[in-house]
Each structure stands twice: as structure tokens, then as C-alpha cells.
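J.: Next comes the sequence, and after it the predicted model I'd like to discuss.
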Amino acid sequence: MGELYIAAYGVATPAYLAKVAWQPENDVGRAYAEAVKRQEWPYDGGDDPSFFCAQYLPKRGGRLTWGICRPDVRNKLRPGDTVAFFGFRPRDGGLDYYFCGYGTVDKKVRQTDIWCEPKLAVYREYLNLLVHPDGAVFRWHEPHRNHRRKVHRDWLWRIANREGFRSKDFPLDLEVFKPGRTCLGSPSRLVKIAENYVVFRPESAKGHPDTYILRDPPLVARHENGWGRVEERWRQDQVAKKIQGLTVDLSRSPHRRLRTRNPTQPHRHIHIPRDAAEWRRRAYDTLQKAELQPRVAG
């Protein structure tokens, strides 16, 4: 069956690339930077979820993945769960929200497995990684970022099995993970890597696809800086209303918007415990009737 989650992510802009001192190391990083500069699609900053890499490396078996952001959600996801993604793009005076599509979880792997298992080799070129092998150890490494700018200093906490640990057990100056040897916390415990690098089912345009990423994500809502901590306001066109009905309106909690009033976490995820397969059938029919085409041709 699976359950439904809704998550919002920050869309990359040329200003973002400058802020993180983006330094392309290969063709993937260079192509991503050019795509962001052209603003051709609402790609995530750092490509996590990996909408760009999934599109750039499909012939080698690359799929949509999620491996850095929102570990609280990634740790909970199970095969069969579906995540509906919204991207929020900064603009002068506020934020624009786009509905980008949905993905269904196929499997979850360890980031260290990516460097050890040949069948996962395609993901070694992805941008949403936090470690790189260095002999018998794994070193903190974020592809294409200038490490003078500490982006994810809590890198090990994001990919570790958290059972029995607290976030403060993981030093922010840690640079290396030693499998079978790295111990942290008080009392000291062995740290293991969690299976929380999410691999979604492949994109398809046939039948009722489990992963449906839109070719042209529609603008569905906006937030103005002058509104303070209030929620976004949804557009009143038919497409926006249908997507609102498919997503945030299904929540039974007081949190029924993409943006919250919490200044520390203004874009929390929404968990909707309902049959994800039934939701995908409804979502597919709704998107087709609204003529919102997938980026994978049929």
C-alpha cells in the first residue's frame, strides 16, 4: 500500500550557486550549473531530490534519488511510500511554489553501498552525496561544493543509524567515517550507516506511473515577504485548485499548508497516512485531465 508524504524544497538560482561557491568537478556538475543559470526547471539547490541527475543519466539506469535533505522523512520512508514534491523559488518580494510531481520509493540503500556495489555505480556521479571513499575509510565530501563554505557540517548525522544517539553526539568538525571503528556518544557506541539514501521507481508515461515528474511544473501558490509568518496563498486557477485538493487539503492536522509559521522550520513535511497506490491513480488521472505532461515521453 504505502503512505503519502508532501515535501517542499528550495529551488536553486544563480545566486545560490554563488553563495555555496559551486565548483564543477565533471560534466554532471557543469551541466547542472548551466541548467540552473538558465532556470530551465525548478531544480533543487544541490540537486536533492536529484531531478537533474535523474534526467541527465537515465541511459545508465539513473533514477530520482533523495539522500541529504530531510533525514527525518527519509528515515521513515518505506518501499511503496509516495512523496509529492513542491519547489519554492525565491523572487523579489517573496516565494513562488511549483508542483513538480511525485515519486514512489523503490528501495533504500546506504551511501557507503554506492561506492561498494557495482549495481549502484551510476549514483557515484550524482550530486546529492555526502561521502567519498579514501582507502579503508569514507571522507566527508560534497561534490562540487567549495568546502571552505561548510554546507552540511552534520553530514554523518544525516546518513547514520540514529538509534541510541542524539544529534549532539556527532561533532561538527568530524571529517572521516571509519566503518566498524567510528564510535561516538556517551557511553561510546559504534556508528553505523543507515539505509536512508532513497531510490525511487523509474519515471514512465505508460499506465498509472509510480513516479510522475512534470515537464513544466505549474505555479500553484505564492508568499509575499510582507505577510510575515503566515502561510502561502494558493492561486485560484483550475490547475492550482486541483493540485491543492490532491495534496495539502488531504491533511487532517492543523498543518494544511506548505509553509508553516515556525521560523526555524518554515517548510515542514506533511504526512498523510492513506493508501498511496489509490492516491497515485487519482493523481495520475487528475494530472492527465489537466494536461500536465510528464517529462518522459510515452
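T.: Structure received.
J.: rest of the way, CA atoms for contacts and neighbours
T.: Noted.
J.: Double-check that V296 belongs to a strand.
T.: No: according to DSSP: H, G, I helix; E, B strand; the rest coil, V296 belongs to no strand; its state is coil.
J.: In this structure, which residue sits furthest out from the middle?
T.: P187 (33.3 Å; CA atoms, centre = their mean).
J.: Contact partners for the nearest residue to L258 once chain neighbours are set aside?
T.: Using CA to CA, 6 or more residues apart in numbering and skipping the chain neighbours, the partner closest in space to L258 is H267 (5.9 Å). Applying CA atoms under 8 Å, 6 or more residues apart in numbering, we find H267 in contact with A7, A8, Y9, L258, R259, T260.
J.: Looks like the fourth one contacts D249 (just checking).
T.: Translated: L258. No: between L258 and D249 there is no contact under CA atoms under 8 Å: 10.6 Å.
J.: Which of the two has more residues huddled nearby?
T.: Taking neighbours as other CA atoms under 10 Å, L258 and D249 compare with L258 leading, 22 against 15.
J.: show me the contacts for that one.
T.: Contacts for L258 (CA under 8 Å, 6+ apart) come out as A7, A8, E231, E232, V248, H267, R268, H269.
J.: before we move on, what about R124?
T.: Per CA under 8 Å, 6+ apart, neighbours of R124: I114, W115.
J.: Please apply the same query to R215.
T.: R215 touches L292, Q293, P294, R295, V296, counting by CA under 8 Å, 6+ apart.
J.: Any chance of JSON lines for the contacts of L258, columns pLDDT and distance to S204?
T.: Putting these into JSON lines (pLDDT from 0 to 100; distance: CA to CA, whole Å) gives the following:
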{"residue": "A7", "pLDDT": "97", "distance to S204": "21"}
{"residue": "A8", "pLDDT": "97", "distance to S204": "22"}
{"residue": "E231", "pLDDT": "85", "distance to S204": "33"}
{"residue": "E232", "pLDDT": "91", "distance to S204": "31"}
{"residue": "V248", "pLDDT": "95", "distance to S204": "25"}
{"residue": "H267", "pLDDT": "91", "distance to S204": "29"}
{"residue": "R268", "pLDDT": "90", "distance to S204": "28"}
{"residue": "H269", "pLDDT": "93", "distance to S204": "25"}
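J.: out of the residues you listed, which are inside helices?
T.: Judged by DSSP state H, helices contain none of those.
J.: what's the closest of those residues to D285?
T.: V248 (17.9 Å; CA to CA).
J.: Tell me, how many residues neighbour the closest one?
T.: There are 19 residues near V248, going by other CA under 10 Å.
J.: R256 is in contact with that one, correct?
T.: Yes: V248 is in contact with R256 according to CA under 8 Å; the separation is 5.2 Å.
J.: Could you pull out the helices in the stretch 51-200 of the chain for me?
T.: Per DSSP state H, counting those that start in this stretch, the stretch 51-200 of the chain carries helices over the ranges 51-56, 71-74, 111-114, 155-159.
J.: Single out the most deeply packed of the ones you listed.
T.: Highest mean neighbour count among those (mean count of other CA atoms under 10 Å): helix 155-159, with a mean of 23.
J.: Grab the longest helix from this protein for me.
T.: helix 276-289.
J.: for it, which positions count as buried?
T.: Neighbour-count burial for helix 276-289 flags A276, A277, W279, R280, A283, Y284, T286, L287 (criterion: 16 or more other CA atoms under 10 Å).
J.: Name the nearest residue to the residue nearest to the spatial centre of the chain, sequence neighbours excluded.
T.: Nearest to the geometric centre of the chain sits P49, at 2.9 Å (CA atoms, centre = their mean). Closest residue to P49 apart from its sequence neighbours, by CA to CA, 6+ apart: W66 at 4.6 Å.
J.: got the helices of the stretch 51-200 of the chain as a markdown table, with mean pLDDT columns?
T.: A markdown table is the format used below for the helices of the stretch 51-200 of the chain (pLDDT from 0 to 100):
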| stretch | mean pLDDT |
| --- | --- |
| helix 51-56 | 95 |
| helix 71-74 | 96 |
| helix 111-114 | 98 |
| helix 155-159 | 97 |
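J.: So which of the ones you listed is nearest K192?
T.: Taking those one by one with CA to CA, helix 155-159 is closest: 8.9 Å.
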